[in-house]
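Enquirer: Just to be clear, the model below is a prediction. Sequence and coordinates:
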Amino acid sequence: MTTPQDIVETHAHFMEPGRFHYPWLARRPDVDRRFTDVDYRIQIGDAKVAKVILIEAAARDDQAFDEALWLASFATGLPEIAGIVAQARIERGAAVAEELDRLAQIDLIRGIRRVVRAPFQSDPDFCVRPAFIEGIQLLRHYDWCFDIACGPADLSNVITLADRCSDIPLVINHMANPPLEDEAHALWKRSMRALAERDHVVCKVSGLPVHLPAGWDTETVSPIVEVLAQAFGPRRILFGSDTPVQISGGGFLRWYETMVTIFAAASEDERQLFFGGNATRIYRL
């Protein structure tokens, strides 16, 4: 097996708490520090990362545009930056068009993300409110995808959202944070398989280490990834890390090497799709 080349990292965050306010950092003091291009290069080591998608980091809503501009400013120092998924208040419905138009001035924007899960949102039906769906549907005018950060409890609503926005590519972040407990995990599997029946839905294989016990290994992760690989197929799963959020769970290289091991039995074409080809297509890189 050849080592993956031209890797597309689909989920990295740059953050500067001294400049932007990230409310969730109160729950994650281990991540509460500046993290930018220099730090990211250290994290990836010798991995052949050719392109990076920077994902908004759930800064305060009124800072979304400034955060997107700040992220775009790193493209000079890190030419691998190929796209940005920015934040917008999709729940504003038609009124969010003013935010989207402003973001469209930034050439690197490839999509919009909104975190819909608790504790970020107190409304359990946040992502199926009529205005939210109306806001998602506006993305077709920009040829953007929608990244959704959800949890297992949100999957029923995410399926409804997917059905009502069938022409918008929907990117599930972090495998919808699969629970490890038997009963909850079984429900997660059923829900993800149902969601995968929608051809416009894809899934990032990312962000899991922060939910795993300290001694996790390939055997811990492989059954979870296998569920997704079978459900979504080789053309609808994407490699991502969630750096720096997952550093406490082992960091980029540990996750990357685990994925290389898990996908060693796949065909060369399937590995190329997972580590870069699918992201290139979905994010129009």
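Expert: Received, thanks. Residues are numbered from 1 along each chain as shown.
Enquirer: Mind listing the residues bridging to the closest residue to Gln121 other than its chain neighbours?
Expert: Sequence neighbours aside, Val115 is the residue nearest to Gln121 in space, at 7.0 Å (criterion: CB to CB, 6 or more residues apart in numbering). In this view, the C-beta of every residue, glycine as well, is placed from N, C-alpha and C. Note on Val115: beta-bridge partners by DSSP bridges are Ala149.
Enquirer: List the contacts of Val115.
Expert: Applying CB atoms under 8 Å, 6 or more residues apart in numbering, we find Val115 in contact with 58, 121, 149.
Enquirer: so what's the first one up against?
Expert: Applying CB under 8 Å, 6+ apart to Ala58 gives the contacts 22-24, 87, 115, 120.
Enquirer: From Val31, how far out is it?
Expert: Per CB to CB, to the nearest Å, Ala58 is found 11 Å from Val31.
Enquirer: one step back: now the contacts of Ala58: which count as buried?
Expert: 22, 87, 115 (16 or more other CB atoms under 10 Å).
Enquirer: Just say helix, strand or coil for the nearest residue to Arg33 once chain neighbours are set aside.
Expert: For Arg33, ignoring the flanking residues on the chain, the nearest one in space by CB to CB, 6+ apart is Pro17 at 6.9 Å. Judged by DSSP: H, G, I helix; E, B strand; the rest coil, the three-state class of Pro17 is coil.
Enquirer: Need phi/psi at Pro17.
Expert: Backbone torsions of Pro17, given as degrees, to the nearest 10, read phi -60, psi -20.
Enquirer: start at 806 instead
Expert: In the new count, where the first residue is 806, that last one comes out as Pro822.
Enquirer: Can you check the pLDDT for it?
Expert: At Pro822, the model reports a pLDDT of 97.
Enquirer: tell me the contacts of it?
Expert: Here Pro822 is in contact with 830, 837-839 (CB under 8 Å, 6+ apart).
Enquirer: Distance check, Ser1072 against Pro1049.
Expert: Counting by CB to CB - Ser1072 and Pro1049 are separated by 32 Å.
Enquirer: out of those two, which sits in the busier spot?
Expert: Ranked by neighbour count (other CB atoms under 10 Å), Ser1072 and Pro1049 place Pro1049 first, with 23 against 10.
Enquirer: tell me the contacts of that one?
Expert: Taking CB under 8 Å, 6+ apart as the test, what Pro1049 contacts is 818, 820, 836, 840, 844-845, 848.
Enquirer: Noted, bye for now.
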